[in-house]
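Asker: Model the following, please.
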Amino acid sequence: MSACIPTRATDPTRTKRIHQPHSPPPTRPRRFRIAGADVSASIAVFLIALPLSLGIALATGAPLQAGLVAAAVGGIVVGWLGGCPLQVSGPAAGLTVVTADLIHRYGWRTTCAITVLAGLAQLGLGCLRVARSALAVSPAIVHGMLAGIGVTIAVAQLHIVLGGTPQSSVPDNLRALPAQLAGLQPASVSVSALTLTLLLLWPRLPGRAGRLLRKVPAALIAVAGSTAVAALAGLRLPKVDLPTWTSHALAALPEGPVLGLVAAVLTTTLVCSVQSLLGAVAVDKLVAARPALPAQVGRADLDRELLGQGAANIVSGTLGGLPVAGVAVRSSANVNAGAVSRNSTMLHGVLVVVAALLMVPVLELIPLASLAALVMAVGIQMVSLNHIRTVTRHREVLVYVVTTLGVVSLGVLEGVGLGVAMAVGVALHRLTRTRITHEEREGVHHVHVRGQLTFLAVPRLSRALHLVPQGAETVVELDGSFMDHAAYETLQDWQNTHTARGGTVEITGRRPGTRIAEPADPAGCRCRPWTPWRNHQCERPQAALLHGSPEGGTGEPSGHELARGISAFQRNTAPLVRSELARLAREGQRPSQLFLTCADSRLVTSMITSSGPGDLFVVRNVGNLVPLPGEESGDDSVAAAIEYAVDVLKVRSITVCGHSGCGAMQALLNSEPGGAQTPLKRWLRHGTPSLQRMADDSRPWAGLAGREPADAVERLCLTNVVQQLEHLRAHESVARALREGELELHGMYFHVGEAQAYLLTDTGGDRVFDHVRADQPA
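Answerer: As a prediction, the model looks like this:
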């Protein structure tokens, strides 16, 4: 984390180093250091990558060394040059089908040349800065492509699991399956079954010992366990065969029809690029879920990532390796293992090189059936039920199915082409298909428009609107996300005419936070949802506008302001949130966070956290204080809320949020011993440890990123957040949840004047509040 730690230059008791005018400040020589978290993460990723790289090479029909070459190059080259520091690249299961087809058609050395050309194409795309455009591909097509590849992998590897040899296509493999089942090899089946059993059961080991054992990757345990059993049982099985590196085949000039080679390069480029870019976006989301990490790692630069992937494919193809792409399994393991920089990715590549040079005798003990079972499991996992539910919910299951079947039956490029054509057809169908109905219920005429409202639907809309009698009460419900100008004018003209003849019209829609096409009524409210009461100029009476209070208030009793605010909620907001609140009422609250902050009226928790109903369990008090256990003096409200949130609601994190200009901290600074003990003074005594912490020179102050605190009040506000986090740890329920790894504590500071949020991070003992950027990944 690069952050400026404020020094205590204002403290006269501290010594200062004075430099001569115009002399440059002294600099320390920079040392290359690898964080301990990166070392442990690289080992975890290496243990996953080693068996998977061999298994993917086996599945493609390439020399097994090619998988190790691709893993090493992906780790070192992409780790060094790529734009997503924590994404781990190497031979990917998503490229298995493409690579296997290329080897079958053109041979291994030409496939290496195609990999080099695909890398050059990626470099060109990266220079053109078109990486973001790759994300415009429908997720249903991407998920369908991966599912089709997964099915192809699983069916092919099933033959090796049964002791046979796979065919070149899924239909051929399916036709050969009955004969393969009739002549299965018990030894291969036994080793494969053991591998799959360990893969399935290892992540589910119970208890504290299970938590420790689960840190060893399941893939490594599965392959190592089945290898050990096969060796001890003396089973005769085909095993890994790694020829000497001196006989390793390198790339050669491509041979074959030009159009076929061009199609092969385009297919490899497409699959490598899309999988790597989508993987980078997924890693961004994983990084954002770790509070202290986003500012340190930074958001992925997709164009740079494409350049890094292109460079890696050039190097891998030249050295006789498989095509390289971002790998989801290894990337998620890298982030979850605690990696903090690109060093973990590069170090994992170095470990692969060491293993390829020094561990050949050990690797040659691995049965091919065990690797095939491992890759088959990966292929099955690529057909994700979560993805199927998602595309079904978005009514894109037809695109998913067509893409999957196309990839399985025809190939990756052909399947993706069919998926794109189907996606375009579905989009055009939705754009032109609009359902418009009219019905009367209890004297109110309802016109329901479902779908996109374009000029093509204007005739049907006009017919439905003319079924409404003059002077009738009407509700027009727009259930869609788009309305073009022609439809808008038609609806607006009819509304003006109908209201002029004594009728009423209410137009509602499902566009988030607004009503669609409301009439441009100059008397209507156009204030934003967070506008304070006193700034609602549109709702203030004319007299109040002329004779309002000096502070800009309405000049009316505050009860009227409250009633008017509630009325605005019932009119504008309640219809939009009613269904969600009804769901929460049925299911009960399940917040993920306890948010403890000050009672200051300028802190709108839902606004600064972009949260909604059911997200935050909020506790507010003067000064965002957490009394230490045993010192509540009869006021257990904060302790009760903490216990309820942790033990009953099972929140996953607690955030203590301070803010600038806190009146409680100002009062704490100005407090004098003695005097009458008012309720406010008795409460503020819980902030005394914060005051003592700030005065203690032996304890580091909490800094604000990029600058020193503006004054003593701001310094105390920052210190108070750190101190209250320590108070939280003293509560029994919090301490227990922290020990069990079920809870995280976060510090936050909100600068009211800047509308800027800061998150507390800990960098080697120094606590710093760092900016939360507007472009932080979601």
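Asker: Quick check: the gap between Ile160 and Gly310.
Answerer: Computed with Cβ to Cβ, to the nearest Å, the distance linking Ile160 and Gly310 is 32 Å. Every residue, glycine included, has its C-beta placed from N, CA and C.
Asker: When those two are compared, which one has more neighbours?
Answerer: Between Ile160 and Gly310, Gly310 has the larger neighbour count (other Cβ atoms under 10 Å), namely 28 against 25.
Asker: which helices and strands sit right next to the helix or strand where Gly126 lies?
Answerer: Using DSSP states H and E, Gly126 sits within helix 108-127. Counting contacts by 3 or more Cβ pairs under 8 Å, 6 or more residues apart in numbering; DSSP states H and E, helix 108-127 packs against helix 96-106, helix 258-288, helix 302-318.
Asker: closest one to Gly83 among those?
Answerer: Between Gly83 and the helices and strands packed on helix 108-127, the tightest spacing by Cβ to Cβ is seen for helix 302-318, at 3.1 Å.
Asker: Summarise which helices and strands the closest one is packed against.
Answerer: Counting by 3+ Cβ pairs under 8 Å, 6+ apart, helix 302-318 packs on helix 64-73, helix 79-81, strand 89-90, helix 108-127, helix 258-288, strand 325-326.
Asker: ok, which stretches of the chain are strands?
Answerer: Ranges of strands within the chain are 89-90, 325-326, 435-441, 444-450, 473-479, 504-509, 593-598, 616-621, 653-659, 703-704, 744-751, 756-763, 766-771, based on DSSP state E.
Asker: Lowest average pLDDT across those?
Answerer: Least confident of the strands of the chain, judged by mean pLDDT, is strand 766-771 with a mean of 67.
Asker: sorry, back to before: could you identify which of the helices and strands packed on helix 108-127 is most buried?
Answerer: Stretch with highest mean neighbour count among the helices and strands packed on helix 108-127: helix 302-318 (a mean of 26; mean count of other Cβ atoms under 10 Å).
Asker: relative to helix 64-73, how tilted is that helix?
Answerer: Helix 302-318 and helix 64-73 are oriented at 150 degrees to each other (axes from the mean of the first three to the mean of the last three Cα atoms, to 10 degrees).
Asker: that older thread, show me which of the strands of the chain has the highest average neighbour count.
Answerer: Ranked by mean neighbour count under mean count of other Cβ under 10 Å, these are led by strand 89-90, which reaches a mean of 34.
Asker: Packing partners of it?
Answerer: helix 302-318, strand 325-326.
Asker: Any chance of the ones you listed in JSON lines with distance to Thr96 as columns?
Answerer: Formatted as JSON lines, the helices and strands packed on strand 89-90 follow (distance: least, Cβ to Cβ, whole Å):
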{"stretch": "helix 302-318", "distance to Thr96": "15"}
{"stretch": "strand 325-326", "distance to Thr96": "11"}
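Asker: got the contact list for stretch 646-657?
Answerer: Contacting residues not belonging to stretch 646-657 are listed as 589-598, 603, 605, 617, 624, 626, 642, 645, 721, 724-725, 728, 733-734, 737, 742-750 [Cβ atoms under 8 Å, 6 or more residues apart in numbering].
Asker: Does Ala41 touch Ser341 like I think?
Answerer: No. Between Ala41 and Ser341 no contact is recorded; they are 9.7 Å apart, counting by Cβ atoms under 8 Å.
Asker: Find the centremost residue of this protein, please.
Answerer: Per Cα atoms, centre = their mean, the C-alpha nearest to the average position across the chain is that of Lys285, at 2.1 Å.
Asker: Ranking helices and strands of the protein by mean pLDDT, which lands last?
Answerer: helix 542-547 (a mean of 40; mean pLDDT, DSSP states H and E).
Asker: re earlier: can you check which of the helices and strands packed on helix 108-127 gets nearest to Val223?
Answerer: Of all the helices and strands packed on helix 108-127, it is helix 96-106 that lies closest to Val223, at 17.6 Å by Cβ to Cβ.
Asker: quick one, the closest one and helix 108-127 angle?
Answerer: 130 degrees.
Asker: Just checking the distance from helix 96-106 to the centre of its chain.
Answerer: Centroid separation for helix 96-106 versus its chain: 33 Å, with Cα atoms, centre = their mean, to the nearest Å.
Asker: Could you point out which residue ranges in the stretch 251-400 of the chain have low pLDDT?
Answerer: Scanning the stretch 251-400 of the chain for pLDDT under 70 picks out 289-296.
Asker: switch to 90 and redo it
Answerer: For the stretch 251-400 of the chain, applying pLDDT under 90 flags the ranges 251-258, 260, 270-271, 274-302, 326-342, 355-366, 368-369, 371-372, 374-387, 389-396.
Asker: Could you do the stretch 51-200 of the chain as well?
Answerer: 51-65, 85, 92-98, 101, 104-105, 129-150, 152-157, 159-186, 199.
Asker: got it, and the stretch 651-778 of the chain?
Answerer: 666-688, 691-715, 739-742, 752-778.
Asker: give me that answer again for 70
Answerer: 675, 700-702, 705-706, 762-768, 771-778.
Asker: At which residues are the helices of it located?
Answerer: 663-670, 679-684, 688-695, 712-729, 732-739 (DSSP state H, counting those that start in this stretch).
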